[in-house]
Each structure stands twice: as C-alpha cells, then as structure tokens.
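Visitor: I would like the atomic coordinates for the input below:
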Amino acid sequence: MKSITLLGLLVSALIAYPVKAQPSGDRDLTYNLAIARPSSSTQTSPVDLAFLAYRGYLKNQDSDSYNVLVTRYISGSITSKNIVQAAINDNLVSASALNDRGYLSALDATIRDFEMR
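Guide: Predicted coordinates:
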C-alpha cells in the first residue's frame with residue numbers, strides 16, 4: 001500500500017514538474033525606467049513633510065526644528081502654508097500643494113499631533 005502511494009506521489013511530481021516559460025521572439029522585453037523609478041514630480045506626503053519640518057530639514061524654512069516649530073505654529077508665526085512654501089523651494093512638493101486644502105489640512109493635523117507629544 002505504501003509503495004502505491006509513493007509511486008502515485010512520484011508520478012504526480014513528474015507530471016507537475018515546472019516548465020520554464022520562454023518568451024516569444026516578437027515581444028519587446030525592454031525595461032521601462034518610468035515604472036521602475038518614480039518621476040521627479042512625486043510629492044512628499046503631508047505627514048513626511050511635517051516630520052521633515054519638525055526635524056529642521058527644510059533649508060528655506062524660517063524656523064528651527066523640534067519644539068520651536070510647534071511653539072511658532074501654536075503662536076501663529078508659522079503656518080502650514082509657510083512650511084509648504086519652504087518645501088516648494090526645496091523641490092519636495094509641487095506648487096499646487098500650496099492651494100490644496102486636503103494637503104494643508106493633513107499637514108496641520110500632523111503638526112498638531114506634535115503638540116501632544
């Protein structure tokens with residue numbers, strides 16, 4: 001009985017042996033760099049931008065990092081639009097982010113979360 005089961009498994013394994021697929025010669029198999037590498041127009045997310053600003057990575061940002069950013073944000077001396085403008089100057093986001101209410105709202109929410117830390 002065991003030999004029949006073993007023989008059945010062996011036959012099944014041979015039948016199901018994977019076959020290496022070969023591409024047909026007429027198809028173009030070039031590498032698409034546009035898919036492999038994100039375009040330069042990819043925007044930094046609002047959450048990532050908030051963390052960059054919080055850590056002081058924005059060159060043109062007119063504030064220091066960490067708690068100084070939060071303090072100035074609470075006082076109103078820096079706004080999410082100021083941060084987005086600095087990110088535009090550093091080519092991290094497109095200019096359209098400056099008028100994107102959803103983007104600005106997400107940035108505001110993330111910075112407000114820093115207050116609670």
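Visitor: Where does pLDDT dip in this protein?
Guide: Applying pLDDT under 70 to the chain flags the ranges 1-41, 59-65.
Visitor: 80 - rerun?
Guide: Along the chain, the parts satisfying pLDDT under 80 run over 1-42, 59-67, 116-117.
Visitor: ok, now which ones touch Leu69?
Guide: Under the criterion of Cβ atoms under 8 Å, 6 or more residues apart in numbering, the contact list for Leu69 reads 53-54, 56, 63, 78, 111, 114. Yep, even glycine has a C-beta here, placed from its N, CA and C like the rest.
Visitor: Is it correct that Glu115 is in contact with Val70?
Guide: Yes: distance between Glu115 and Val70: 5.6 Å, which falls inside the contact criterion (Cβ atoms under 8 Å).
Visitor: Report the two of the contacts of Leu69 separated the most.
Guide: Gly56 and Ile111 (13.8 Å; Cβ to Cβ).
Visitor: between these two, who's got more neighbours?
Guide: With other Cβ atoms under 10 Å as the criterion, Gly56 and Ile111 differ in neighbour count, and Ile111 comes out ahead with 23 against 14.
Visitor: wait, isn't that one in contact with Thr71?
Guide: No: applying Cβ under 8 Å as the test, Ile111 and Thr71 come out as separate, 11.3 Å apart.
Visitor: Can you show me the strands along this protein?
Guide: When secondary structure is read from DSSP state E, the chain shows no strands.
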